[in-house]
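Asks: pasted the sequence and its predicted model underneath.
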Amino acid sequence: MESKKEQLITEVVYQGNHTYEIKKTIDGFKGDKAILIGLYPTVDGDNITKIDSTQLHLINHMKELGLN
């Protein structure tokens, strides 16, 4: 039997209603890195755990994109 642990860490840089940077890191994940630049992010200081459909889609297809 095997066990595997990964942790999704989210860091948000914001001021008031303005979000400037959202950084998601998967701790314990081996692979290359990717940078996604998007407009109108849904994550802010009050909703740091929110994952929009674009982020979720990319996370689900990381292996196909060679990011594993």
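Replies: Done, it's in. Residues are numbered from 1 along each chain as shown.
Asks: ok, which stretches of the chain are helices?
Replies: Ranges of helices in the chain, per DSSP state H, are 53-60.
Asks: quick check: which ranges of it have low pLDDT?
Replies: Scanning the chain for pLDDT under 70 picks out 68.
Asks: what about 90?
Replies: For the chain, the stretches flagged by pLDDT under 90 are 4-68.
Asks: show me where it has strands.
Replies: 7-15, 18-27 (DSSP state E).
Asks: the shortest one: how far from the chain's middle?
Replies: Between the centre of strand 7-15 and the centre of its chain there are 8 Å (CA atoms, centre = their mean, to the nearest Å).
Asks: kindly report the same for the last one.
Replies: Taking the mean C-alpha point of strand 18-27 and that of its whole chain, the gap between them comes to 6 Å (CA atoms, centre = their mean).
Asks: ok, residues contacting it?
Replies: Residues outside strand 18-27 that contact it (CB atoms under 8 Å, 6 or more residues apart in numbering): 6-14, 41, 43-45, 55. For every residue, glycine as well, the C-beta is placed using N, CA and C.
Asks: repeat for the first one
Replies: Contact with strand 7-15 is made by 19-28, 43-45, 48-49, 59, as judged by CB under 8 Å, 6+ apart.
Asks: where's the spatially most central residue of the chain relative to Asp46, distance?
Replies: Nearest to the geometric centre of the chain sits Lys24, at 3.4 Å (CA atoms, centre = their mean). Lys24 is 17 Å from Asp46, where distance means CB to CB, to the nearest Å.
Asks: returning to that earlier point: indicate which one of the strands of the chain is closest to Ile35.
Replies: Closest of those to Ile35 is strand 18-27, at 9.7 Å (criterion: CB to CB).
Asks: partner strands of the closest one, with direction?
Replies: strand 7-15 (antiparallel) (DSSP bridges).
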